[in-house]
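In: A predicted structure for the sequence below; I have some questions about it.
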Amino acid sequence: MKFSFSFLIALLFSFHLSAQDTLTKPLHKKRLYWIIGAGGATYAGSLVLLNEAWYKNSPRTQFHFFDDNPQWRQIDKIGHAYSAYHISRASTELFQWAGLQRKKAMLWGAITSQILMTPIEIFDGFSASYGASWGDLLANFSGALLWWGQGQLWQEPHLHFKFSFSQSPYASLRPNVLGKNLSEQILKDYNGQTYWLSVDLAYFVKSKKFPAWLNLALGTGASEMVYAREPENNANGFQSYRRFYLGVDFHLQNIPTKNRLLKKIFWTLGTIRLPAPALEYNFRNGFHWHWLYF
């Protein structure tokens, strides 16, 4: 995924360092202009760097689409949705810092994620080595929609998109594709990635006695994906399979605190599912209990 996970985390944390607590305040036009100007310039520079790194040596062609939907059991598509969700989340913080009301900030946060991610697909579309992907565009939109839709329903998110990673034994079989080291594998080895939807149980059960930070988490991933497409995978002796999880999640952002540093830490940790118990089901091995799964 060219919109790398490591860049996303850095982006999220830097955004939140500038963000303030959620308060209703008048529009601060200078801050809004600063966001638009500085953000636009930074992103334009990022696109130039991306072009140099990924597309410079790739022949240009007419804009075209490439069907990559059958690849990697669609785990890469979930990754696109995850990125769009958290770019929307981070952008919302910036717009609130500029004085926009919460619902309006969530809308513009979602729009911003599409503005930032769509040009990457356009670049792909003009590259002979890649091609734009309808699946990627739809995944990007769905991540932003999950964020914005919750703003319309509840004004706050109660379904949180999270990520976890464990090194798999498959990366060593194709290190150029799946990653040579841990930092590369986090981005490239879809066998090790798990994506979660963390549900605020306390909100939905309407109980003040239930711990607000203790959530229910639904996860999905896949294994034995050495090659992107299943026919090629099978031809080389591998058979990929999906994995599903039901577990608990510690959503620390729901812990009330006045400490600003803790708020920033809890907010940033909202991007990942911390290690916790989980029940796994897959069609190959059936049910399996993990005392600590990440």
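Out: Alright, I've got the coordinates. Numbers count the residues shown, from 1 in each chain.
In: tell me the secondary structure for the closest residue to residue 282 other than its chain neighbours?
Out: Leaving out its chain neighbours, the residue that sits closest to residue 282 by Cβ to Cβ, 6 or more residues apart in numbering is residue 243, at 4.6 Å. Yep, even glycine has a C-beta here, placed from its N, CA and C like the rest. Assigned by DSSP: H, G, I helix; E, B strand; the rest coil, the conformation of residue 243 is strand.
In: And for the one 10 residues further on?
Out: Assigned with three-state DSSP, residue 253 falls in the helix class.
In: so what pLDDT did it get?
Out: For residue 253, the model assigns a pLDDT of 96.
In: With residue 9 instead?
Out: Value for residue 9, per-residue pLDDT: 46.
In: what do you get for the one 3 residues further on?
Out: Per-residue pLDDT puts residue 12 at 53.
In: 229 is where my numbering starts, stick with that
Out: With the count now opening at 229, the last piece we talked about shows up as residue 240.
In: Residue 448 is in contact with the residue nearest to residue 510, correct?
Out: Yes - applying Cβ atoms under 8 Å, one finds residue 471 in contact with residue 448, separated by 6.9 Å.
In: Quickly list what's touching both of these two.
Out: Taking Cβ atoms under 8 Å, 6 or more residues apart in numbering as the criterion, residue 471 and residue 448 both touch residue 422.
In: Could you chop the chain up by domain?
Out: Taking automatic domain parsing as the domain assignment, the ranges for the chain are 229-384, 386-522.
In: What's the mean pLDDT across the helix or strand residue 319 falls within?
Out: Using DSSP states H and E, residue 319 sits within helix 303-325. Taken as a whole, helix 303-325 has a mean pLDDT of 95.
In: go on, stretch 416-425?
Out: Throughout stretch 416-425, pLDDT has a mean value of 97.
In: measure that stretch end to end?
Out: End-to-end distance for stretch 416-425: 21 Å, by Cα to Cα, to the nearest Å.
In: same question, stretch 409-425
Out: Start to finish, the residues bounding stretch 409-425 are 27 Å apart (Cα to Cα).
In: For it, could you pull out the residues that count as buried?
Out: Within stretch 409-425, the residues that count as buried by 16 or more other Cβ atoms under 10 Å are 412-425.
In: what do you get for stretch 382-402?
Out: 385, 386, 387, 388, 389, 390, 391, 392, 393, 396, 398, 399.
In: Okay, the second one and residue 287: tell me how far apart.
Out: This means residue 386. 47 Å (Cβ to Cβ, to the nearest Å).
In: Fine by me, thanks again.
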